[in-house]
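Colleague: the following comprises the amino acid sequence and a computationally predicted model.
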Amino acid sequence: MIRVLIDTNVFLDYALKQSNSVELTVQIFQKIFDKKFEGCVSSSVITDVYYVIKKRTNKENARKFVETAYQMLTILPVNRKTIRDALESSMGDFEDAVQAFAARAMNVGIVVTRDKTGFADSGMTVFTPQEFLTYLEFPSK
């Protein structure tokens, strides 16, 4: 089964039902539920998403969402080495670098994001939500 990093922006789109790509994110998360691939997020993303949901809705909604995420996603550790590698990397966005190095340490080679430029120097295969759904349908392309 392929392992895929879900970027913060895609995770928040799903959680808050926001952006033009909400239908795509719902499809992506349905495929995680259906075990078509293993969805992964860094531990730092869990806390970021909790914070944003709590601010936009309330603590109870944030807690429920994180509990659901905890059950369905693989949570990748962020440790001292992850932070050092992110700080020393050529990636322009520190948060994306932390996610990328957490993913690479756990042999996750694909990331789904709305901002492909943030992961351009990550060494990972980078897809938008639409591109990733197409890839799942036609993996040889």
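Modeller: Everything's here; your move.
Colleague: could you pull up phi and psi at the residue most central in space within the chain?
Modeller: Taking Cα atoms, centre = their mean, the centroid of the chain lies closest to residue 6, which sits 1.8 Å from it. Taking degrees, to the nearest 10, you get phi -100, psi 120 for the backbone angles of residue 6.
Colleague: mind listing what it touches?
Modeller: Contacts were defined as Cβ atoms under 8 Å, 6 or more residues apart in numbering; by that measure residue 6 touches 28, 39-41, 45, 73, 111-112. Backbone N, C-alpha and C define where each C-beta goes, glycine included.
Colleague: beta partners of it?
Modeller: Counting by DSSP bridges, residue 6 forms beta bridges with residue 112.
Colleague: before we move on, back to that, now, which of the contacts of residue 6 sits nearest residue 95?
Modeller: residue 45 (8.6 Å; Cβ to Cβ).
Colleague: what strand or helix carries the closest one?
Modeller: Here residue 45, judged by DSSP states H and E, is contained in helix 43-56.
Colleague: buried residues, that helix. List them.
Modeller: For helix 43-56, the buried set under the neighbour-count rule, 16 or more other Cβ atoms under 10 Å, comprises 43-46, 48-50, 52-54.
Colleague: swap in stretch 94-108?
Modeller: Buried residues in stretch 94-108, counted by 16+ other Cβ under 10 Å: 95-105, 108.
Colleague: residues making contact with that stretch?
Modeller: So stretch 94-108 is contacted by 3-5, 7-8, 40-45, 48, 74, 76-78, 81-83, 85-87, 89, 91, 109, 111, 113, 115, 118-119, 122-124 (Cβ under 8 Å, 6+ apart).
Colleague: could you rerun that using 6 Å?
Modeller: Outside stretch 94-108, the residues that touch it by Cβ atoms under 6 Å, 6 or more residues apart in numbering are 3, 5, 40, 42, 44, 76, 78, 82, 85-86, 89, 91, 118-119, 122.
Colleague: check contacts around the closest residue to residue 24 other than its chain neighbours.
Modeller: Residue nearest to residue 24 in three dimensions, not counting chain neighbours: residue 129, with 3.8 Å by Cβ to Cβ, 6 or more residues apart in numbering. By Cβ under 6 Å, 6+ apart, the contact set of residue 129 is 21, 24-25, 28, 112.
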